[in-house]
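I need the structure of the sequence given here:
(2 chains)
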Amino acid sequence: MSTHQERETFGNFFESWIKEQNKDLEDLVSASKEYDQEQTEESLVPLIDQVFQHYEHYYAEKSRWAKQDVLKMLNPSWRSNLEDAFLWIGGWRPSMAFHLIYSKCGLQLEARLEELIRGLHTGDLGDLSATQLRQVDELQRDTIEKEKEISEKHANHQETMADTSMVQLSNVVTEMLRSGEEARVADVMEEQVEPTLEPKEEGLLEILQMADDLRLKTLREIKKILSPVQLVHFLIAAAELHLRIHDWGKMKDARNGINR
Amino acid sequence: MAGMCCGVNMSETESSTPTEPSSESARRRRRMEMHQFRFVAPPLENGNKRKIIDGISPERVTNNALQINDDNQSHELVGDAEDVEKEVPRKKDIIDSSSSSKAEFEVVTEMSKYGITSVCGRRRDMEDAVAVYPSFCKGGNDGSADLHFYGVYDGHGCSHVATKCKDRMHEIVKEEVEGCESSTSTWEEKMMRSFSKMDVEVTNWPNQSEEGRVPSSTCRCELQTPHCDAVGSTAVVAVVSADKIVVSNCGDSRAVLCRKGVAIPLSSDHKPDRPDELIRIEEAGGRVIYWDGARVLGVLAMSRAIGDNYLKPYVISEPEVTITGRTDEDECLILASDGLWDVVSNETACGVARMCLQSRKLPSPPMSPGNDMVVAAGSDSSDKGCSDASILLTKLALARHSTDNVSVVVVDLRKNIKS
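Numbers count the residues shown, from 1 in each chain, chains lettered A, B, ... in the order given. You can find the predicted model right below:
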């Protein structure tokens, strides 16, 4: 029963975090507008730090709850089916961040191409400098490499579900059920099945942790590359994408009569 | 790419590095400029993605009086209207990231002004390679003038053929240019031999034990045959002297000259459905099969490449060579992989590049004296223009949803600014 409450608690935390992200988004949008009206770029830093603290908090909580029930974190009931289908190891795929940058950069570039051609600075993501583009590209390649490593580790771990101990144990228990030895099955569950499944879950926890670490690291590295005003544009785009996909997924689920 | 300018005067490299985003003064400068020049840019003429919007039409070549100097070897650029508006098929997705190459590199030498941008973009693997070697050898009529080398290689199957081309092609060309046969052979012959040697090297490379040449690639295929037979690369190489531009092309990367605002293609893409290429492939006994676009044997979406041993003799490494006399009206040369050309027309690319060069040449908008931005503006020299042009073209390709690696080299050809 306690597990049930814990599950609920992360779901509740997620809901409140979504509200917080909504608020952050509003703050970011108004800050980006104020910046256009003569604020100094440094004035954006406290807000950016606040938004980042919220991301860090999210992953700290996620890590805490994952230790309690990693399976739940990998099968998150607080997400819609749409989001769930696009998750990579319990969260957003880190390399998506670069597509987000390039897509937003493209939109802002096309909007003000003439200025950029003339060598003027727009300050937004369309104005990524040579150095920034190189850094983003390097980070992207590095992130994809790490992503592949974790995916490979995940694959290896998933394959252990059919290792000898699992195959043997499933056979033993099946035979017991067949010969009507239900009483012994409970003992085997406790003595052998649970201890065999435990490292499977532990492995998942480790992989989830690596995936979440990569997600957070990617955000932190992007923070180092972009200027404050570019970062505000990036955080706005990221929040908008996250919040709207969440909404759309939930609407879809509601239409399909799914109550997650 | 870090090592590509060995032995080159890089004295201005550091000073020409673009302003760091973290610089406070840069931010202030950006902000001020932004307020001074706010207006709405006109929409670009073409938002279509995944379409070639620039075929190479014979009319355009002749109308622009493309000067092909070397009489005996003149090689007409043959294009066809059918090149226009074709879907470009994706090459096979294969894993490797040639992580050694940098996204961007910018350098100024006394003789060569250029900018390079090369990014992974929306692909998960980097298979492009770019090589720029200013003053890579002596040549010209009297054999004493500096020649500059620019090459773009777009690998497929894996990155190692493109990487090998980047490392070796200029050395091979140099051997040809400075070799004893040089005086009796034409540019076309030299480049033909160079590409042929390059092809032999990549074909034999994994199997031969070259002393001192340990395969450096950390590629997915790990240079294993038969994997390696299915690996290749495009190659578009420009050798630029004081009076001419020799472009040798093999595959679907492209070189475009911007002359007095007009885009003049100096290479013609080798696509399997280019009529002359289709005939050549079929005469060799090969077939072009439409499978996600026209492909040789239904596999490779280009009709010529370095490597690709398994598709010989249908896919050949022989380049088409054009020799173009330089004029005072030449503005810049753009070499790029199809990551750019798939989504940006020759005309747009030239328009963007020349405007970048022109605007960087002009003095920056007047600023209050003593402001640090004046100092920063002082570094806005023409080489900055090349770099800005290559970055802007790359970002434009990404903006237009290019799904490939994007590599762009912009070379400033304006005579009046050459030292």
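
going forward, measure contacts between C-alpha atoms and count neighbours the same way
OK.

which ones are touching residue B:291?
B:298, B:299 (CA atoms under 8 Å, 6 or more residues apart in numbering or on different chains).

And it, its phi and psi?
phi -140, psi 100 (degrees, to the nearest 10).

try residue A:141
Torsion angles at residue A:141 (phi, psi; degrees, to the nearest 10) stand at phi -60, psi -40.

and it, what pLDDT?
In this model, residue A:141 is scored at 96, pLDDT.

That one contacts residue B:120, correct?
Yes: using CA atoms under 8 Å as the test, residue A:141 is close enough to residue B:120 to be in contact (7.4 Å).

which residues in the stretch 151-260 of chain A form helices?
A:164-178, A:182-188, A:194-225, A:228-255 (DSSP state H, counting those that start in this stretch).

lowest-confidence stretch among those helices?
The bottom spot among the helices of the stretch 151-260 of chain A, by mean pLDDT, belongs to helix A:182-188, with a mean of 85.

Please name every helix or strand in contact with it.
For helix A:182-188, the packing partners by 3 or more CA pairs under 8 Å, 6 or more residues apart in numbering or on different chains; DSSP states H and E come out as helix A:164-178.

Of all the residues in the helix it packs on, which ones are buried?
Buried residues in helix A:164-178, counted by 16 or more other CA atoms under 10 Å in any protein chain shown: A:166, A:169, A:173, A:176.

can you check stretch A:83-91 too?
A:83, A:84, A:89, A:90, A:91.

how about the CA coordinates for it, as PDB?
Presented in PDB, the C-alpha positions along stretch A:83-91 are these (Å, rounded to 0.1, in the frame of the first residue of the first chain):
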ATOM      1  CA  GLU A  83       4.500  11.200 -24.600                       C
ATOM      2  CA  ASP A  84       5.100   7.600 -23.500                       C
ATOM      3  CA  ALA A  85       5.600   6.500 -27.100                       C
ATOM      4  CA  PHE A  86       8.300   9.100 -27.600                       C
ATOM      5  CA  LEU A  87      10.200   8.500 -24.400                       C
ATOM      6  CA  TRP A  88      13.700   7.200 -24.400                       C
ATOM      7  CA  ILE A  89      14.500   5.300 -21.200                       C
ATOM      8  CA  GLY A  90      12.000   7.100 -19.000                       C
ATOM      9  CA  GLY A  91      12.400  10.600 -20.400                       C
END
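
Does it reach chain B?
No: for stretch A:83-91, no contact with chain B is found by CA under 8 Å from any CA of the partner chain; the gap never falls below 15.4 Å.

circling back: out of the buried residues of helix A:164-178, which are close to chain B?
Restricting the buried residues of helix A:164-178 to those near chain B - CA under 8 Å from any CA - leaves none.

ok so, going back, put together CSV for the helices of the stretch 151-260 of chain A, with distance to residue B:290 on each row.
Shown next, in CSV, are the helices of the stretch 151-260 of chain A (distance: least, CA to CA, whole Å):
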stretch, distance to residue B:290
helix A:164-178, 47
helix A:182-188, 59
helix A:194-225, 40
helix A:228-255, 37
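
And the residue of the stretch 51-200 of chain A closest to chain B?
For the stretch 51-200 of chain A and chain B, the shortest gap (CA to the nearest CA) falls at residue A:106, measuring 3.5 Å.

Got the phi and psi for the spatially closest residue to residue A:90 that is not a sequence neighbour?
Nearest non-adjacent residue to residue A:90, counting by CA to CA, 6 or more residues apart in numbering or on different chains: residue A:74, 4.8 Å away. As for residue A:74, its main-chain torsions (degrees, to the nearest 10) stand at phi -90, psi 0.

Give me the neighbour count for residue A:74.
Neighbour count of residue A:74, defined by other CA atoms under 10 Å in any protein chain shown: 18.

that older thread, now, among the buried residues of stretch A:83-91, which is nearest to residue B:156?
Each of those was scored against residue B:156 by CA to CA, and residue A:89 proved nearest at 29.6 Å.

and the closest one, helix, strand or coil?
coil (DSSP: H, G, I helix; E, B strand; the rest coil).

pretty sure it is touching residue A:208, no?
Yes: between residue A:89 and residue A:208 there is a contact at 6.2 Å, judged by CA under 8 Å.

what's the residue of the stretch 51-200 of chain A closest to chain B in contact with, if anything?
So residue A:106 contacts A:126, B:395, B:396, B:398, B:399, B:400 (CA under 8 Å, 6+ apart).

list the helices and strands whatever helix or strand residue A:140 lives in packs on?
Using DSSP states H and E, residue A:140 sits in helix A:130-159. On a contact count with 3+ CA pairs under 8 Å, 6+ apart, helix A:130-159 meets helix A:194-225, strand B:104-108, strand B:113-119, helix B:382-399.

quick one: the longest one to chain centroid distance?
What it means is helix A:194-225. Centroid displacement of helix A:194-225 relative to its chain, using CA atoms, centre = their mean, to the nearest Å, is 10 Å.
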